[in-house]
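S.K.: I need the structure of the sequence given here:
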Amino acid sequence: MSELRTSLVQCDLRWEDPQANHAHLEQLLGELDSRDTDLIVLPEMFATGFTMNSREMAQPMAESTSIAWLQAQAKTRQCVMTGSVAIEEQGAFFNRLIWATPDGEITYYDKRHLFRMAGEHERYGMGVERNIVKLKGFKLLLSICYDLRFPVWMRQQPAEGEHFEYDALLCVANWPAPRRHPWRTLLQARAVENLSYVIGVNRVGEDAKGLAYSGDSLLVDFKGEPLIDHPAHTPFIETGTLDKTALDAFREKFPAWQDADRFELLPGVGQ
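M.R.: Purely as a prediction, here's the structure:
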């Protein structure tokens with residue numbers, strides 16, 4: 001299996017209304033399923049918008065209606081569903097990216113870099129571990145929004161004897177329109193420096209705080225070239241294909257990885 005069909009879902013979100021967002025997204029997705037795609041990517045906090053109202057809006061991990069909805073959609077559509085949800089677990093709150101498979105299994109990544117300009121670091125707990133998932137022969141590094149500004153956290157860290165840790169970087173976001181240029185630039189930069197595909201999914205519309213979102217969701221190849229790119233503020237669902245054979249060929253033809261700096265992330269730094 002050398003291809004991964006990935007569907008980017010760029011849409012508006014209903015503020016702090018999980019049930020309405022579930023229904024809205026289900027309608028938007030229509031009959032999209034495994035005949036068309038292997039992976040459906042939703043924006044950050046797809047059930048609520050980027051809420052800092054964690055105590056009222058975070059869903060218990062074991063009883064999350066949004067996780068249950070993702071699992072049901074994954075089973076019905078027979079493809080992986082992913083997006084982040086405000087989650088409560090053991091009295092702590094997390095901006096948690098859920099990866100739901102058609103067989104009902106879930107794994108997750110907790111956002112590491114919390115957006116202090118919105119007070120996210122005061123209302124959610126910091127993630128401490130990276131998570132790389134596997135799908136159809138691809139390895140994908142999971143990340144959320146503000147993480148994108150921190151290249152060390154996203155840098156390839158291959159094990160001894162290996163050349164690459166992952167093949168694609170996945171980043172879901174609620175990234176406001178005034179900073180759309182950094183969003184687009186950083187998605188392409190992460191692709192170039194890591195010799196990997198990058199999947200970036202952002203929302204559109206305006207939230208209850210009056211913040212506008214331009215979308216600019218991109219599928220970027222390993223050369224930094226956009227494969228999916230739509231005009232700003234335009235809702236869309238589009239499926240692109242990641243090609244592992246082409247990726248491997250380019251990595252062999254342009255082996256910049258051989259000159260990469262070895263490093264180690266120290267535990268506890270930044271906590």
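S.K.: I'd like the distance between residue 194 and residue 247.
M.R.: The gap separating residue 194 from residue 247 is 11 Å, by C-beta to C-beta, to the nearest Å. Using the backbone N, CA and C atoms, a C-beta is placed for each residue, glycine as well.
S.K.: of those two, who's got more company?
M.R.: residue 194 (24 against 20; other C-beta atoms under 10 Å).
S.K.: That one contacts residue 157, correct?
M.R.: No: with contact defined as C-beta atoms under 8 Å, residue 194 does not reach residue 157; the gap is 10.2 Å.
S.K.: In the protein, where's the longest helix?
M.R.: The longest helix of the chain (DSSP state H) is helix 180-194.
S.K.: what about that helix, average pLDDT?
M.R.: Taken as a whole, helix 180-194 has a mean pLDDT of 98.
S.K.: Compute the inter-axis angle for the next helix or strand after that helix and helix 180-194.
M.R.: Next along the chain after helix 180-194, taking DSSP states H and E as the criterion, comes strand 197-201. Using axes from the mean of the first three to the mean of the last three C-alpha atoms, to 10 degrees, the inter-axis angle of strand 197-201 relative to helix 180-194 is 160 degrees.
S.K.: So what are the sheet partners of strand 197-201 and their directions?
M.R.: strand 168-172 (parallel), strand 218-220 (antiparallel) (DSSP bridges).
S.K.: Show me what the last one is in contact with.
M.R.: Put plainly, it is strand 218-220. Strand 218-220 is contacted by residues 6, 8, 184, 187-188, 191, 197-200, 226-229, 240, 242 when judged by C-beta atoms under 8 Å, 6 or more residues apart in numbering.
S.K.: what's next to the helix or strand following that strand, contact-wise?
M.R.: Downstream of strand 218-220, the first helix or strand assigned by DSSP H and E is strand 226-229. By C-beta under 8 Å, 6+ apart, the residues outside strand 226-229 that reach it are 8, 188, 216-221, 238, 240.
S.K.: could you flag which of these are buried?
M.R.: Buried members of those, scored by 16 or more other C-beta atoms under 10 Å, are 8, 188, 216-221, 240.
S.K.: if we can go back for a sec, okay, among the contacts of strand 218-220, which ones form the most distant pair?
M.R.: 184 and 242 (19.1 Å; C-beta to C-beta).
S.K.: In terms of neighbours, single out the busier of these two.
M.R.: Neighbour count, other C-beta under 10 Å: between residue 184 and residue 242, residue 242 has more, with 27 against 21.
S.K.: Which residue, other than its chain neighbours, is closest to that one?
M.R.: Spatially, and ignoring its direct neighbours in sequence, residue 242 is nearest to residue 4 (4.2 Å; C-beta to C-beta, 6 or more residues apart in numbering).
S.K.: low pLDDT regions in the stretch 1-150 of the chain?
M.R.: Applying pLDDT under 70 to the stretch 1-150 of the chain flags the ranges 1.
S.K.: what ranges do the helices span in it?
M.R.: 18-29, 54-57, 65-77, 120-123 (DSSP state H, counting those that start in this stretch).
S.K.: Dump those helices to TSV, plus distance to residue 38 and mean neighbour count.
M.R.: Shown next, in TSV, are the helices of the stretch 1-150 of the chain (distance: least, C-beta to C-beta, whole Å; neighbours: other C-beta atoms under 10 Å):
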stretch	distance to residue 38	mean neighbour count
helix 18-29	14	17
helix 54-57	30	15
helix 65-77	10	19
helix 120-123	31	15
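S.K.: could you dump those helices to a markdown table with distance to residue 148?
M.R.: As requested, the helices of the stretch 1-150 of the chain are arranged in a markdown table below (distance: least, C-beta to C-beta, whole Å):
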| stretch | distance to residue 148 |
| --- | --- |
| helix 18-29 | 23 |
| helix 54-57 | 22 |
| helix 65-77 | 22 |
| helix 120-123 | 14 |
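S.K.: Quick one, which of these gets closest to residue 35.
M.R.: Residue 35 lies closest to helix 65-77 among those, at 9.3 Å (C-beta to C-beta).
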